Each structure stands twice: as structure tokens, then as C-alpha cells.
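> Have a look; sequence and predicted model below, questions after that.
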Amino acid sequence: MRRSTLLMCALLTIATSGCKQINEQWAKVKAKIAAARQRTRPSQPAPAMPDTQPAVPPQDVAATPPPSAPPKKPARHAPAVPLPARDVAYDSPDTGTIAPDMSEREVYSLWGPPIAVRRQGDMTYLYYRNGCEYTCGTEDVVFLQSGKVVDAVLRWPGHGYSGQSSSPFATPPHGPARPGGDTLTVKPSTP
């Protein structure tokens, strides 16, 4: 987060920390969270007891079954996100060619929102689907430095880059193919 955002959050927290209604709501939220984590049961207000209690006839303890506890709910688990085991065809109406020095907003207006955005220092990385995530090993990536496009690695034909990409589309492997591929052979060691 930016410092200004953190400062505004801190000021908002300080300004509302003494408010009775907010403190009551905060206590309710904390109680619900604790109940959800099964640390404590939510406290229920006790019914108001009259000053005088009516006479209750004694009950036969053996004839009354003990109250049963409510059934426990099974633990909730986050659904597993399957890793791609094959490529899925990708088609999008958001196509076009980006150019060096375009802003992030201009890339969004051309290709739509990315599936992921990563920021580190003055670098920003925009990730877009390309239909070959499994075989290519990555999505289409647009590199921005100080908010301007400086590079792109693209595999989907609908995405274009008018600058010089650091990763050409089809770089053939070097040398002839060896039968059996590259294998490691280990000689047995003598004791």
C-alpha cells in the first residue's frame, strides 16, 4: 500500500475508535469470527428471569433422556485450484498491438484487464491469457517500467507488440535432436 493510503486508514481508525456504535459492531464481528473458528461459542443473552419462580414438579431423571448436543458441522476446506494439465483454447475480442511507451491504462483499454498484476519497484508486470499456458510455461506478459511499456513476451496471435521483444516467438532448439533426449548416465562407484 502507499503511505498516503496507510495514513488515511490510520486517521480513520483513530477518528472512529471512540465511537460507541462502532465498538459494539466490532465486538459482534469479533464474536462471530471466534465462533466460526470454534474457539468459543457465541454468547446468547440470558432470558429475563422473573422475581418469583413457579413451583416445578420434580421429574424422573431416569425417564428423561439427556439432551443431545447439536451435530457438528464438517470443517470447510478451500477448494483446490487445479493446475493446468493441458492447454485450453483462448479466444477474446480484446485484441490489438501495443507499442513501447504506452501507459498501463492504454494497455487495459486495448486488451482489457489482465488476469494478474505484479509490481516490484518501478516495474509492473501484466499477465494475460494466451491459450498455451501449459506448453509455453507462462501467460503473455507485458513489462512496464515507470508506468510505460518497455517489453512484452507474447504467444497468443491476438496480442501484438510493435517493439522488439526480448523473447522471439519461435526460437528453434539448437543442434540436432538426440535419440532418447538428454539423459544423464551415472557410472557406478567403486568402494
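All right, it came through fine.

> in the top helix by length along the chain, what's buried?
Taking DSSP state H as the criterion, the chain has its longest helix at helix 20-36. Neighbour counts over helix 20-36 (16 or more other CB atoms under 10 Å) mark no residue as buried. For glycine as for every other residue, the C-beta is placed from the backbone atoms N, C-alpha and C.

> mean confidence score for that helix?
Across helix 20-36, the average pLDDT comes to 79.

> Tell me which other helices or strands the helix or strand following it touches.
Once helix 20-36 ends, the next helix or strand along the chain (criterion: DSSP states H and E) is strand 96-98. When contacts are defined as 3 or more CB pairs under 8 Å, 6 or more residues apart in numbering; DSSP states H and E, strand 96-98 packs onto helix 104-111, strand 159-161.

> packing partners for the first one?
For helix 104-111, the packing partners by 3+ CB pairs under 8 Å, 6+ apart come out as strand 96-98, strand 123-128, strand 140-145.

> Which one of the ones you listed has the poorest average confidence?
Lowest mean pLDDT within those: strand 96-98, a mean of 88.

> tell me the contacts of the nearest residue to Val141 once chain neighbours are set aside?
Spatially, and ignoring its direct neighbours in sequence, Val141 is nearest to Val153 (4.8 Å; CB to CB, 6 or more residues apart in numbering). Listed by CB atoms under 8 Å, 6 or more residues apart in numbering, the contact partners of Val153 are Thr138, Asp140, Val141, Phe143, Ser165, Ser166, Ser167.

> Can you select the buried ones among those residues for me in ChimeraX?
Of the contacts of Val153, the buried ones go into a single ChimeraX selection, burial set by 16+ other CB under 10 Å:
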select :140,141,143
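
> Which member of the contacts of Val153 is positioned nearest Tyr128?
Asp140 (4.3 Å; CB to CB).

> measure the closest one to Glu104 for me?
To Glu104, Asp140 is 15 Å away according to CB to CB, to the nearest Å.

> which residues touch the lowest-mean-pLDDT helix or strand in the chain?
Within the chain, confidence by mean pLDDT, DSSP states H and E is lowest for helix 3-16 among all helices and strands, at a mean of 74. Helix 3-16 has contacts (CB under 8 Å, 6+ apart) with Ile22.

> Can you spell out the domain ranges of the chain, please?
Structural domains assigned to the chain are 3-36, 96-161, following automatic domain parsing.

> Please tabulate the helices and strands packed on helix 104-111 in TSV, including the columns distance to Gly160.
Below are these laid out as TSV (distance: least, CB to CB, whole Å):
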stretch	distance to Gly160
strand 96-98	3
strand 123-128	12
strand 140-145	10
